[in-house]
Structures are given as C-alpha cells and as structure tokens.
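J.: need coordinates for the following:
(one chain, ligands or ions: 1)
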Amino acid sequence: MQQRGQWSGRLGFILAAAGSAIGLGNLWKFPYVTHQNEGGAFVLIYIGAVLLVGLPIMTAEILVGRRTRRDPVGAFKQLGEGRLGGKAWAGLGFLGVSAGFIILSYYSVVAGWTVHYIVLSLQGKLTALASDPGALQTHFVDGFLADGKQQVGYHVFFMAATVSAVYFGVKEGIERVAKILMPLLFAILIFLVIYSATTPGFAPAMKFLFRPNFSELEPSAILEAVGQAFFSLSLGMGAMLTYGSYMRRESSVPRSAVEICFLDSMMGILACVIMFSIIFTFDLEVSQSATILFTTLPTVLVQLPAGGLVLGLFFVLVGFAALTSTVSLLEVVSSYAIDELRWSRQRATLTMGVAIGIFGVLSALSLGANSALSQLNLFGKGSTEGVFSSLDYLAANWLLPVGGLMIALFVGWILNPQEVKTELEDGHKPMQASFGFLHFALRFAAPIAVGAILFSVIFLGAEYQ
Ligand code: PFF
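T.: Residues are numbered from 1 along each chain as shown. Presented below is the predicted three-dimensional model:
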C-alpha cells in the first residue's frame, strides 16, 4: 500500500476540518432557518444541539478515523470485526461514501453559482444588474438557472477546482488550500461584520439574534436545529472520520472537536449578524426561496457605500467556503477507492471526480422550470420536486441522520467504554467528567434526538435539513 497522507500538524487538521464544516450550510441555510424560527431562541437551541449531539458525534467520528487510519468503509470493517454486527458495520461506511457522492453532485452546482457571480463582478456587470432588482431576478431565474449550458459549465468548473485540490494529496493539496483560503475567509467575514456594524440594521439584528423569545418557538425548531447541526458540521457521512484518519496520534481528538464546533457555530452566527443587519436596514421580506443569497441580497448590498466591492467580496467568501467543503466530500469518496480498491490517489480523484461531475449534470439541468428533470419527483413530496431537491432531501433528511445515529450507537454501545476513553486520552489529558458526558451523549442523547428526527420525517412527513 502507498504511504498514507498525514496533516503537517494540528493546525492543518483544524483548518481543513473547519473548512469542511463551514460552507453553504452556514452562510445560506443557517441565517434562513434562524429567521424562519424567530431568531434568538432558535440560536440557543442550535447551540444546545451542537453541544449535545454535534460535539459527541464529531468526537466519535474523528476518534474512529484516527484509531483505524482508514477510509469510512475500511474503518468500520476493521473496528466491527469480532464485535456485535461484525463486518456488516462496513455498510455504515458505504452509506457515508454514497452520501458524499450524492451531496457533492448537487452542492457543486450551487457552489458554481458563486463563481458566476464572481465572474459578473469582475466583468463589472454585477453592480448594474443588482441595482435593478427585477433585472437581477430575471437574469438569475430565467437567464441563468434555466440555461443548462451555463449550469453544467460552472458545475464542471467547480468540480475541476475540487479535483485539483484533492489530487495533490492531504498535505500538499487539501491542507494547502485550507491554509490559504480559511484565513482569507475569516478576514473577509470580519470585514463584513465590521461593515454591517455601521448599518442602522445592526442593533435590531443583535436584538433579534441574542434576545430569545421562547413564546414564538415551535417545537419543530428543536428537530430542525439538530438536522441543521448535522449538515453544517459535516457529520454523519464520514467526512470528519476521513480527515481524522490523517491526524497524528499526538493531536487531541476532544480538543479538536470542540474547536471545529466552535468555529463552525461562530461562522453561522456571524453570517446571521451580516445578513440580518442588511435585512433590518432595508426592512426586507425574507422570502422562503433558496435563492435569496443570489437574488435579494445583492440588490440590497449594492445600495450601501462601496456596495459593488462588498458584493464581490461576499461571493468570494461564499465560493471559498464552498470549495473547502467540496474538497472534503470528494476526499471521502476518493479515500474509499484509495484504501479499499487500492487505486492511486491520482486515479481515484480523477475517476471519482468525473463520475460525480457527470452525475451532477442531472441536478444542474433540473433547475429551469421547463426542464423535464425539474418535474421528476423521486420521493413523492410536493416540496422536493426535481432531481436537485430530491437528492438534497435524501441526503439531509435520511443519509446524514441515519449515518450519525449509527456512528453514535457504534461508539457508544459497540466499542468498549474503556477502549474509547483510552483512545480519547491519547494526545489529551486524562478525562473524567467530560468523558462521562460524552459517553452519555453518545449512548442516549444523540440517538434519541436523531431518532426523533427520523420518526418525525417518517410519520409526520416533516422536512428538515
Ligand atoms: N458542512 C458543509 C456546509 O455547511 O456547507 C456541508 C457538508 C460538507 C456536509 C461535507 C457534509 C460533508 F461531509
């Protein structure tokens, strides 16, 4: 077998893993669900979900990865051997690899939209378009979404960028990209937060976000918070497991998990500060549509001082965040081919990248209202029309929660508690109460919370992401 890659140190791992977690889930989805759920109380519940469900599962995934040094399929096969369930646990790894394949195929389409906006901005066309809300709407929906050639083109471009990072390996590819992009991303974000603090909407935004009003909260918000935590933290499909498998033994698993959860949550909250400041400054109606980031927000940003520049920077931010996430999705699928099928990294990334790219064309072509693929309704739900939405529904509501549930059960019940404790303390100080909390969360809190999501999806037809 070829020499397995490794991060250069803990910083490399943290930046890459935070890069995986921070993405469209934070910048687009989190502000949108927070708004739908009336702000402050939802933010608190979300933080609770991260602590009680996200953090334990994150720790469990990284632990399994560092322990086995294998891809998700190999990792569960190896650890399951001789225990209840035996090698059948490899199926959990397959679920993760398939989820990676599916999510990447449509995630890259949306990521491609940011490239289109960056191109428009560089051409100097974005400011003019955004100054006329009607024109931007028409451009985006009729001119862009419905234009199959452009959709496929930008998707392929984004896949190519993703492949070129993963192709060069863990340290020279993934870590290098994360080390360049993540600091830039934080810098742009801080700039935009400071900028939003100068707008009149900042004070009401802070009030909305940090003054909880529990009377407005629906019970479903709790489930939505858990589902959102999964997607946002890249949990339930072995992304953190795969990244953990390149970690050095002397790096602390619990500490890394805490830092990644912290960075990811901060990013979501700061994205909310930026968006709500703008929303309150202009007293906007927040539409329910998936396209607010690309239609409404630009028309507003452009009205602010230096709006054209801010707008361009904003899409660079979203594009960078998306790239470090797509890289982790491809790495999950590639690591399977490298570790299990014994392919070279180059062959694995190119083959899988091309396969996912081709599969993603179905999503890319399903966005125009007249496309036959936009009518295809794979799961019989009104809100999931089209290939794109159906795949998102499948991944976010089924694959990730089921994967997360099984990982929690595996580490909580199948592995020996003493073994888990010893592994966690390797590279970390001895744990007492914190281990008790973690183990309890893996055995009970996380499975119950995730079980409740699945129950509500199955029996109540709810849709969470
Ligand atoms: N966490 C990413 C986001 O918030 O956009 C999405 C994601 C990346 C999910 C990687 C799952 C994954 F394995």
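J.: and for residue 249, the neighbour number?
T.: 11 (other Cβ atoms under 10 Å). Placement of C-beta: from N, CA and C, glycine included.
J.: swap that for residue 35, please
T.: 19.
J.: what are the buried residues along the helix or strand hosting it?
T.: Using DSSP states H and E, residue 35 maps to helix 30-36. Of all the residues in helix 30-36, those buried under the rule 16 or more other Cβ atoms under 10 Å are 30, 31, 32, 33, 34, 35.
J.: ok, and what's touching that helix?
T.: Outside helix 30-36, the residues that touch it by Cβ atoms under 8 Å, 6 or more residues apart in numbering are 42-43, 46, 209, 224, 228, 232, 268, 271-272, 275-276, 279, 286, 288, 292, 465.
J.: for PyMOL, what selects the buried ones among the residues you listed?
T.: If you want just the buried ones from the contacts of helix 30-36 in PyMOL, going by 16+ other Cβ under 10 Å, the selection is:
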select buried, resi 42+43+46+209+224+228+232+268+271+272+275+276+279+292+465
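J.: any idea how far the ligand is from the residue most central in space within the chain?
T.: Centroid-nearest residue in the chain, with Cα atoms, centre = their mean: residue 232, separated by 4.1 Å. Relative to the ligand, residue 232 is positioned 4 Å away (Cβ to the nearest ligand atom, to the nearest Å).
J.: who's in contact with that residue?
T.: Contacts of residue 232 by Cβ under 8 Å, 6+ apart are 21, 23, 25, 26, 29, 30, 264, 268.
J.: which residue is the nearest non-sequential neighbour of the second one?
T.: Going back to what we said before, that points to residue 23. Counting by Cβ to Cβ, 6 or more residues apart in numbering, residue 325 is the residue found nearest to residue 23 once chain neighbours are left out, at 3.3 Å.
J.: and which of the buried residues of helix 30-36 is nearest residue 366?
T.: Using Cβ to Cβ, residue 32 is the member of those that sits closest to residue 366, with 20.9 Å.
J.: check what pLDDT the residue nearest to the centre of the chain gets.
T.: Looking at residue 232, its pLDDT is 96.
J.: same check, this time on residue 384
T.: pLDDT, residue 384: 55.
J.: try the one 4 residues further on
T.: Each residue has a pLDDT score; the one for residue 388 is 88.
J.: chain center to the helix or strand of the chain with the lowest mean pLDDT: distance?
T.: Least confident helix or strand, the chain: helix 292-301 with a mean of 83, by mean pLDDT, DSSP states H and E. Centre-to-centre, helix 292-301 and its host chain are 21 Å apart (Cα atoms, centre = their mean, to the nearest Å).
J.: so is it next to the ligand?
T.: No. For helix 292-301, no contact with the ligand is found by Cβ under 6 Å from any ligand atom; the gap never falls below 12.4 Å.
J.: what's that helix in contact with?
T.: So helix 292-301 is contacted by 27-28, 32, 113, 117, 126, 129-133, 136-137, 140-141, 275, 278-279, 281-282, 284, 286-287, 289, 307, 310-311, 314, 318 (Cβ under 8 Å, 6+ apart).
J.: swap in 6 Å and give it another go.
T.: 28, 113, 130, 133, 136, 137, 140, 278, 282, 307, 310, 311 (Cβ atoms under 6 Å, 6 or more residues apart in numbering).
J.: excluding its backbone neighbours, what's nearest the last one?
T.: For residue 311, the nearest residue in space outside its immediate sequence neighbours is residue 301; the separation is 4.7 Å by Cβ to Cβ, 6+ apart.
J.: count the neighbours of that neighbour for me.
T.: Neighbour number of residue 301 under other Cβ under 10 Å is 25.
J.: touching the ligand at all, stretch 325-334?
T.: Yes. Using Cβ under 6 Å from any ligand atom, stretch 325-334 comes into contact with the ligand via 325, 328, 329.
J.: quick one: which two of the contacts of helix 292-301 are the most distant?
T.: 113 and 282 (22.4 Å).
J.: what about the two, which has more around it?
T.: Between residue 113 and residue 282, residue 113 has the larger neighbour count (other Cβ under 10 Å), namely 26 against 17.
J.: is the more buried one part of a helix or strand, or is it coil?
T.: Of the three states, residue 113 takes helix according to DSSP: H, G, I helix; E, B strand; the rest coil.
J.: skip the chain neighbours and tell me the closest residue to it.
T.: Using Cβ to Cβ, 6+ apart and skipping residues adjacent in sequence, the residue nearest residue 113 is residue 294, 5.9 Å away.
J.: do residue 189 as well
T.: Per Cβ to Cβ, 6+ apart, closest to residue 189 is residue 270, 5.7 Å.
J.: for the one you found, give its distance to the ligand.
T.: 14 Å.
J.: repeat that for residue 147.
T.: Taking Cβ to the nearest ligand atom, one finds residue 147 at 25 Å from the ligand.
J.: quick check: phi and psi at that residue.
T.: Taking degrees, to the nearest 10, you get phi -90, psi 100 for the backbone angles of residue 147.
J.: and what of residue 368?
T.: phi -70, psi 140.
J.: that one: how many residues sit nearby?
T.: Residue 368, neighbours per other Cβ under 10 Å, totals 18.
J.: cool, and residue 147?
T.: Neighbour count of residue 147, defined by other Cβ under 10 Å: 13.
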